Structure formats: structure tokens, C-alpha cells
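Colleague: Predicted model, plus sequence, below.
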Amino acid sequence: MLREKYERVPSGCAVSGILDRSGRRFSGNDIIQSIALMRERSNGLGGGFAAYGIYPEYRDHYAFHMFYDDEQAREISERFLNEHFNIAEAGPIPTKKVSWIINEPMIWRYFVLPKEEKLTSSGLLSDEFVAQCVINLNKRIDGAFVVSSGKNMGAFKGVGYPEDIGEFYQLYNYEGYMWTAHGRFPTNTPGWWGGAHPFTLLDLSVVHNGELSSYGTNRRYLNEFGYECTMQTDTEVAAYLLDLFTRRQGMPLEIACKIMAPPMWDEIERMPDDERTLYTALRTVYGKALMNGPFSIIAAFNSGMVALNDRIKLRPLVAAEKGNVLYVSSEESAIIEICPKPDKIWTPRGGEPVIGMLEEVKA
Amino acid sequence: MISYVLPEFLVMRDENRCIQCQVCVRQCANDVHYLDEKDGKVKADDAKCVNCQRCVTFCPTHALTIIPNPQEFKANANWTKKAITEVQKQAESGAVILTSMGNPQEYPIYWDKIVLNASQVTNPSIDPLREPMELKTYLGRKPDKLEFDEKGRLITKLTPQLVLNVPIMFSAMSFGSISLNACESLARAATELGIYYNTGEGGLHSSLYRYGKNTIAQVASGRFGVHANYLNAGAALEIKIGQGAKPGIGGHLPGEKVGAEVSATRMIPEGSDAISPAPHHDIYSIEDLRQLIYALKEATNYTKPVSVKIAAVHNVAAIASGIARAGADIIAIDGFRGGTGAAPLRIRDNVGIPIEMAIAAVDTRLKEEGIRHQVSVVAAGSIRNSADIIKAIALGADAVYIATSALIAIGCHMCQKCNTGKCNWGIATQDPQLVKRLNPNIGARRLVNLVTAWEHEIKEMLGGMGINSIESLRGNREMLRGVGLTQKELDILGIKAAGE
């Protein structure tokens, strides 16, 4: 059987996310408790978290979380990193032995900045430079995998139930202003650590529940813009589409969401002129970026997060607010578990993005 | 000279059923049936029969059956009946054998070696009877990205697009090759369906200008009927470089079919053969094509998308890339099974490549060059049913052209004798008595029915795959698997084998 990296695996899942818009940092306990409640939605073959604001002491450095299959992969990767970056700190990510978690790879962390001369000779801005290094590392170095690469954030994932993964990484020892989590139910694989969610690129992380029936179309579309979907996961597609639209094409987040989950044509026909023109153009130009089939995703980035459903809501997604805190989750119960009396709780409509931004960003 | 060519068909008349009504005599433009004055009985000259089945259909007592002539030559796997007959014909005529409709030879039909996917468990299928299912398709040039101002308002203006309610168009068939009533059937059906029909290279009859909103006006190497009003009459323009049935040569319209109306529309003398030059004599290379594309855009004030139609030939992917870069908004690719009103038999049966391979190769090449999203690609050349359409789109087409199936819908029985101008079904003829047999209202109704039926089927298959919008099928080769194909064929089609 091909390892997951080389074969596409459909999976069902649970997702959850918490953002304190004021920027107040809190431990990983809440998110672990929330995702743990939805244990039924996972099968122990994948769990993971993205945490934002956890590295204030290195807030301007890119934090690389790495998986290595063996020493050799680490040596080759570190040679690559040393060649392209100045490394401020490096070391294994602390983990705790948990009986259910087995076959873990070597898990390392590096705080790095691109070398000036490399930036100059490549002619790239530092984000794009880092993105290309990540893609190269994943593609070229066998046995190495970049788990995350953003500033002041990190992804923690593996094969296991998410609450065990949280325990394994001791996420209660970290504090962040935003957390997302994922519990996975893949259908036919023993599980590969790299295949767990979240999937990340720079500070963008995506946790995803669903299976894209448009995968082949989306992948070929992204390929035209230089993205190679090497992971064979739908999550990768969602992440790259968001990256293409928001970072590379500089599009407002709401618009990017409306490309990925657009209104129906008959709805567009009933819109006022300006809106109709806009949505017609979006669907005409970006039709191949429509994500078809069931999904609920939570995409997070340093400044906030967005939760989005497919346009006919074939997967569950619930949102709630309490004070400054925004909660999104596959199930209402997973929110009530950590926030028993929210100010507001609602079920977003298919294709209606729930967007939460840090207050300092809005101002 | 006595002809050695045996009759291709035999007319079998059940004497017990025949009531000597002579409907067959009146219906047959080939003069097969006649009343024998001596014994007062209806008889047939088998040698003239083309098996169009007009008489069979109209015989009130079902007394008629047309069968292939069972007379065989001594068995020979190499010198088949067909091979011998063709030599005999040419020895008698000294001429190129002219034929019609698409390549009928036994080449592989890749559509029939590709199977589709459907959702089970992990991903729900979508029920088109209960959920929206979108087939709307925009053809035309697309920018790399849309620009927005600081308030999120759209700045980019799109260039003109064709809007199709279903990703199907009626392919180019000229007035001349087909009758005015056939043209009108197509035009009315396209209007009712919210799609487009293509004029072909014969200009536009004055009575058809009112269907302009649903018309694609073609410009071919003969420039028949091309003038300012014509260029501005339709919703789009198409430069015809080549045709799947006869790559490398121009159109053929035998003089027999050039009557007063065709003459006026094409702007050529009555009774003259209309043979288009093989190349456009103002296009000897790709940069010349660019000039013609922009000449047409200038002439129509940039209000219409311009399509370029080519035959699927060996190097089709690179040619399509050149066409995209030359400024075409739509590229139409016509496979070697594509039909024709008249073509030399050797060319029809031997030149060009299958549309399935061509579409897959073009889509992949344009994708690799990062320009696939900029242009639309239309597949043509023997789309026989809705499954062929689904497969064409999953291989990378934006929409398809249909022509042979459209003609079958309005009465064509595939006798492959369009070039004679004696079409008993009123389609490929200019004889007023024959043309009258095709009522454009009924023709349009049959076409609307066909496309509507296919639309339902496409929605069912899409929904089964868990897709509710046709754009999510475009180039989605994950939805296809090959059965009985070599690895090389699978690679070119860009699909996996069944079970993979």
C-alpha cells in the first residue's frame, strides 16, 4: 500500500477553534477539552492543534516545526536550513510519553530568519522565500516534513486521538490567543504523522472536515500558479487556495471565501447590479477554485481566523461568542463544554464565513 | 463502361404487405422505387439505394427492409469487400472518393474505455431532484486575477463571454451543406435552450439574423458570406482553421447544392463548387493568426469573444498553446470522428487523432504553461451522448460542440451521402421539395428535447459524484478511470486504471 503521502485518503473529522480577539493568551487546556468531547468523530488515526501567540520571545522569527523519520533526514534538512537561514535556536520539541502514542518521528523546532544574501539573490520577499523553502524541503528531502513554519505560531500533530496528542505535546504548558484543533477519521490508512491536520504554510493553518469532490479540478488549477499538491489531501488544497487569494493576490478574506463557497447562480441573478457583477465575475474567473463537496474548515493566521462551510452545508459547523472570545466547532456540545453560557450561539449557513480578527488588527 | 460495383444495399419488399401505394416512390429522391407500368407493381433499383430509411419509415404497412448486400467476395482478411469496392469505384471514375459524416472506421473509441466515479459513504452524492445542480458555463478569456479597490469593490472588467445554460453548443454546419430549415431548427433550439449554434463557413441567411444573440459566426479560408454585418450579427466569432473530418484541407460544397439562396448568402455564383482554400491565405504562421484574431476584434469593437477552431492533429497541444498566446478567447478542438458535409474518404478515414487524447493533451499542456485558466477549450468530434460530455469535461474541456447527434435528432439516418445533395430528410439538401420535409418547429423541438434529456443525465451523473456545479468537473480526472487501456494511453489521458 502506498504511504498516505502518495495516495489520496478520504476522511471524516472533528474541528474546533477558539480566538480571544483581545489578544489575551490562554493555555491549551480549553481546546483539548473541546476536541476531546468529540472523540466519536475521530478514530485515533490523527489529531492535531495549531497555536498562535505561543512564542512571544521569538515573535519575529519563523518557527519551523519539523518531523524527521531518521537522523539522516535531520542532517540533510539542517544543512538546508543552515544554508538558507540564520538559526537563533534549535532543539527537540518537548514531548511526554503517552501510552497510546507510538511510532512518533523525531520532532524538532527551529527559530530562524532568512539570510540577507539569500533574500537578495532570490529577489523574493521573506514570506515568499520561506514558503518556497518549505515546499522544497517537503518535496526534496525524503523523510523530512515541515509541520509548520509561521511566526509566533506552531502546529502540533500526530497519529492518535487529539486529546492524547495534546497530552503528548503538553499543550497545557503553552499559552496562545488562538487555538484550533482537529480529530481525524481517515478511512483506509494506518496513519502518517505528516498527514494529520492542521496543514500549514507560513502562519496559515487549516483544519478541515470533509472530502472535496472537486479535488482534481482544484489541484490542477493551483498547479497553474506553481503550487504542487504533494500531500494528496484536501486540506492542502484549501490552504493553498487561501494562500493564493489572500497572500499572493491580496484579495479580501471575505472574497476568497466567496470564491471557495460561492452563492448559487439563481441567487446571483436576484442580486442588485453591483453584487451580481461581482459574484458573476468571481465565479467566471475562479470557477475552478470552487471547493465542491462536503467540508467545514477552520483556517487560522496570525491576525485571526475564518470558519467556512461548503455552500450546501454537508458538514456541521457551529459558532459562538462570549465577550471577546469566538468559538467555532463541528458540534455545539464541544463549545458548551468549555463555555457553558455563551452570549450568542448560531449555526452559520453554508458558504457564510465566520470571520474573527484580533482587535489590534482591526484598529 | 459497365460498372463492376455491386449494389451496397438490397431493398426487401414484403409483397404480402405492400399495398402499391407508392409512398416510397414519392419519398425517394434517389429514384430507387418506381412503378413498373407493365405489371402495375412497385419495384426498386437497389443500386441507387443509400439506406437512408426514408421509405422504411414512411411505408404505412412496414413492407420495406433495407439490408446490406450479402454478396461477398472470396474470403480475404486483407482485400475486404470495402477495399475491393473502392478500387473498382476509382477505376471507373478516376476521381477522389467523396463521402460525408464522420470517420466510421474501427479505431478505438476512448469514451467507451473510460468509466466514471460516484460517491459512497465518505462523501454524499447530491440529488438533482432536490438540490440545485449548476451547469451554467462562461466561455471566453479570463484574467489571471480580479483586482479590488481598498473598499473591496471590483475594479477588473471582464472581456465579453458566452453564457451557456448547459455546456453544449451546436457545432459549425454551413447553410449550403445543410438546408435553411435545418439551420433554422438549430437556431431556434439554441435560442430556447440558452446556448449557441455555429453558422459554419457559409455566411448567414438574411432570415436568420434575428437569432444573432445565440449565433457564433464562422470565418473560414473561403471567406464565404463574410461582411461587416455578418461579423456583427452573432454573439461570437470563430476562425475555422481546420475540421476533424478533413484536417489540412478546406471546405467542400458541391455546385449541385449552390442554389439562389446559397449563392446570395455565400456571395458566389449559382451552381459553382465552393471549395475553400486549404490554408487561410493570410495565415501562414501563428503571428498571422494573431493578426486575424485582432482584425476581427477590431471589426467588432471588442464586443465578441473570438474562437479558433482546429482539427485534432499530432501536435495539437503545442498548436493550442500558440493559439491561446495569439489572443484567442476560445479554442475549439475537433477530433477525427467529427462529421462533414463532404470530404475525401481517404482524408476523413486516415487523418487526425481522437478527441479524447487531444483534449487531455491540450488541457495538460496549457496547465503546465500556466495559461489554461485564461482560455476556454471546447471539445468536438463525435460526442454521442451525455456520458461523452461528462468525460470530455473531466478530461479538461469547458464545453462541447455537437453536430452529428444534432442532425440525428432532426432526422439524419447516417447514410453518409450529404455530398450528393439528395438528403431525403430535408437536412443536407437544397432541393426545395426535400427541404420542405424538415419543419423547423419540429426540428427545434427535437433538438430541445435531446439537449434537455442530456442535461438531466449530466445532472444525475454530477450529483452522483458529489458535485453540484459543472466547473468542479473541469479537468477533474480523479473522476475518471480507464478500462482496457495501455499504460501509455492512461498516461496521455492523465487518468488511472480502474481499481487504482
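Modeller: Ah, there it is. Because the structure is predicted, anything quoted here is derived from the model rather than measured.

Colleague: Quick check: the gap between the closest residue to residue B:480 other than its chain neighbours and residue B:347.
Modeller: Once flanking residues are discounted, residue B:480 sits nearest to residue B:495: 4.5 Å by CB to CB, 6 or more residues apart in numbering or on different chains. For every residue, glycine as well, the C-beta is placed using N, CA and C. Residue B:495 sits 30 Å away from residue B:347, taking CB to CB, to the nearest Å as the criterion.

Colleague: Check residue A:237 too.
Modeller: Residue A:237 is 45 Å from residue B:347, by CB to CB.

Colleague: neighbour count winner among the two?
Modeller: The neighbour count for residue A:237 versus residue B:347, taken as other CB atoms under 10 Å in any protein chain shown, is higher for residue A:237 (29 against 18).

Colleague: Hmm, residue A:212 and the more buried one touching each other?
Modeller: Yes - using CB atoms under 8 Å, residue A:237 is in contact with residue A:212, at 6.2 Å.

Colleague: Overlap of the contact sets of these two?
Modeller: A:218, A:291 (CB atoms under 8 Å, 6 or more residues apart in numbering or on different chains).

Colleague: Please name the residues that touch the residue nearest to residue A:170 when sequence neighbours are not counted.
Modeller: Setting aside the residues directly before and after it, residue A:170 is nearest to residue A:96 in space (CB to CB, 6+ apart), at 5.4 Å. Shown in contact with residue A:96 (CB under 8 Å, 6+ apart): A:167, A:168, A:169, A:170.

Colleague: Sort out which one of these lies nearest chain B for me.
Modeller: residue A:168 (27.4 Å; CB to the nearest CB).

Colleague: ok but that closest one is inside a helix, no?
Modeller: Yes - residue state for residue A:168 (DSSP: H, G, I helix; E, B strand; the rest coil) corresponds to a helix.

Colleague: Can I get stretch A:311-331 in CSV, CA atoms only?
Modeller: What follows is stretch A:311-331, C-alpha atoms only, in CSV (Å, rounded to 0.1, in the frame of the first residue of the first chain):
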residue,chain,number,x,y,z
ARG,A,311,-22.2,26.0,0.2
ILE,A,312,-24.9,23.4,0.8
LYS,A,313,-23.7,22.7,4.3
LEU,A,314,-22.9,19.0,4.0
ARG,A,315,-20.7,19.1,7.1
PRO,A,316,-21.6,20.5,10.6
LEU,A,317,-20.2,23.9,11.8
VAL,A,318,-21.4,25.9,14.8
ALA,A,319,-20.1,29.3,16.1
ALA,A,320,-20.5,31.1,19.4
GLU,A,321,-19.4,34.3,21.1
LYS,A,322,-18.7,35.2,24.7
GLY,A,323,-17.2,38.6,25.3
ASN,A,324,-14.1,38.8,23.2
VAL,A,325,-13.9,35.2,22.6
LEU,A,326,-15.1,33.5,19.4
TYR,A,327,-15.7,29.8,19.3
VAL,A,328,-16.2,27.6,16.2
SER,A,329,-16.7,23.8,16.2
SER,A,330,-18.1,20.8,14.5
GLU,A,331,-20.6,20.5,17.3
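
Colleague: Do any residues in that stretch lie close to chain B?
Modeller: Yes - interface with chain B: stretch A:311-331 contributes A:311, A:312, A:314 (CB under 8 Å from any CB of the partner chain).

Colleague: Helix, strand, or coil at the first one?
Modeller: What that stands for is residue A:311. Residue A:311 is classified as coil under three-state DSSP.

Colleague: how much space between it and residue A:262?
Modeller: Note on residue A:311: its distance to residue A:262, by CB to CB, is 7 Å.

Colleague: What residue spans form the domains of chain B?
Modeller: For chain B, automatic domain parsing gives the domain ranges B:9-95, B:137-497.

Colleague: quick one, which of these is nearest to residue A:72?
Modeller: Nearest to residue A:72, of all those, is domain B:137-497, at 32.3 Å by CB to CB.

Colleague: what distance separates the start and the end of the closest one?
Modeller: In domain B:137-497, first residue to last residue: 29 Å (CA to CA, to the nearest Å).

Colleague: tell me the mean pLDDT over that domain?
Modeller: The pLDDT scores in domain B:137-497 average 96.
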